[in-house]
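[1] Curious how this folds, go ahead:
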Amino acid sequence: MTRTIALGCVFFGLYVGCGGGPAPWGTDGDAGDQEDANTPVDEDSGSQPGEDASTTKPKDGGTTTQDASTTKDSGGPQDSGIVADSSDGFGQLRTACINEINKLRATENHAAYNLWTGQSIDQCVDEQATNDQTDDSAHEAWINNKYPTCNGNAQDECLGYGNTVNGITQCLDDMWDEKNQSNCSGCKNCQKQFTQNCPNCDFYGQKGPECGHYVNMSADYMTYAACGFSTLGGNQQWAVQNFK
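    Now for the predicted structure:
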């Protein structure tokens, strides 16, 4: 099975950055855990470029040049000090996930994301990853509001990298490396304020590989990241990262 990365759908205001039909949804959650209340309206009218949520693009085969300031995690000690304490058994993976994101953000002097966690959030993102892997449909749970507690404002998804420290860090490194693509060279200008029209930042991959994972990971307009993992067996599990 080829490992792939599914583009993260981002919304602010009244638009959701994925096509495929209307997807109105609200937000709900436990006190202290819930995301910002937004009711996005699908943009399939053509006012914004969109990507069908069920379409994924092949993982890059390693031909892109990695930024020299980025050091890949070898699976050893974690880097930015956040330790996740999860009752579902994914604490080590959540720790590796948030610390790798923050290590990459630090290479560009972005403030660290806080880990968005708690029993309801951890369960929610795990359910989203499990649902999507079960149905073989990236972002299905997120777009269809199946588990709204943890939706937040954006999602990236790793397909088939597996539930290991090396697997999640490899996926995150691959997402970050999108900035090295020629059609993503302008993405740094998108980091201060959300826009789908940033010049030379092909968020949805309309002219080549998408840039949206890197935009989500490097944004300065979001402050939290949640990491979820599929509970299905095997060694090619899916994982999601939700941002708000």
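[2] switch to C-alpha atoms for all contacts and neighbour counts from now on
    Will do.
[3] show me what contacts E127?
    E127 makes contact with 147, 228-231 under the criterion Cα atoms under 8 Å, 6 or more residues apart in numbering.
[4] Reformat the residues you listed as TSV; add secondary structure and pLDDT.
    Listed next are the contacts of E127 as TSV, based on DSSP: H, G, I helix; E, B strand; the rest coil; pLDDT from 0 to 100:
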residue	secondary structure	pLDDT
Y147	coil	96
G228	strand	97
F229	strand	97
S230	coil	97
T231	coil	96
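[5] so D126 is in which element?
    Take DSSP states H and E as the rule and D126 turns out to sit in helix 119-135.
[6] can I get the CA coordinates of that helix in PDB?
    Extracted in PDB, the C-alpha atoms of helix 119-135 (Å, rounded to 0.1, in the frame of the first residue of the first chain):
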ATOM      1  CA  GLN A 119     -10.100  12.800  27.000                       C
ATOM      2  CA  SER A 120     -12.900  14.000  24.700                       C
ATOM      3  CA  ILE A 121     -10.400  15.500  22.200                       C
ATOM      4  CA  ASP A 122      -8.100  12.500  22.100                       C
ATOM      5  CA  GLN A 123     -11.100  10.200  21.600                       C
ATOM      6  CA  CYS A 124     -12.500  12.400  18.900                       C
ATOM      7  CA  VAL A 125      -9.400  12.600  16.700                       C
ATOM      8  CA  ASP A 126      -8.800   8.900  17.100                       C
ATOM      9  CA  GLU A 127     -12.400   8.300  15.900                       C
ATOM     10  CA  GLN A 128     -11.800  10.600  12.900                       C
ATOM     11  CA  ALA A 129      -8.600   8.700  11.900                       C
ATOM     12  CA  THR A 130     -10.300   5.300  12.400                       C
ATOM     13  CA  ASN A 131     -13.400   6.300  10.500                       C
ATOM     14  CA  ASP A 132     -11.400   7.600   7.500                       C
ATOM     15  CA  GLN A 133      -9.200   4.500   7.300                       C
ATOM     16  CA  THR A 134     -12.200   2.200   7.600                       C
ATOM     17  CA  ASP A 135     -14.000   4.000   4.800                       C
END
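[7] Now the element after it, going C-ward?
    Moving toward the C-terminus from helix 119-135, the next helix or strand (DSSP H and E) is helix 140-143.
[8] Tell me the first helix or strand C-terminal of that following helix.
    Sequence order places strand 154-159 as the next helix or strand after helix 140-143, per DSSP H and E.
[9] Whichever helix or strand comes after that following strand packs against which elements?
    Following strand 154-159 in sequence order, the next helix or strand is helix 165-176 (DSSP H and E). Identification of packing neighbours for helix 165-176 by 3 or more Cα pairs under 8 Å, 6 or more residues apart in numbering; DSSP states H and E yields helix 91-106, helix 212-218.
[10] try 10 Å
    strand 4-6, helix 91-106, strand 154-159, helix 212-218, strand 239-243 (3 or more Cα pairs under 10 Å, 6 or more residues apart in numbering; DSSP states H and E).
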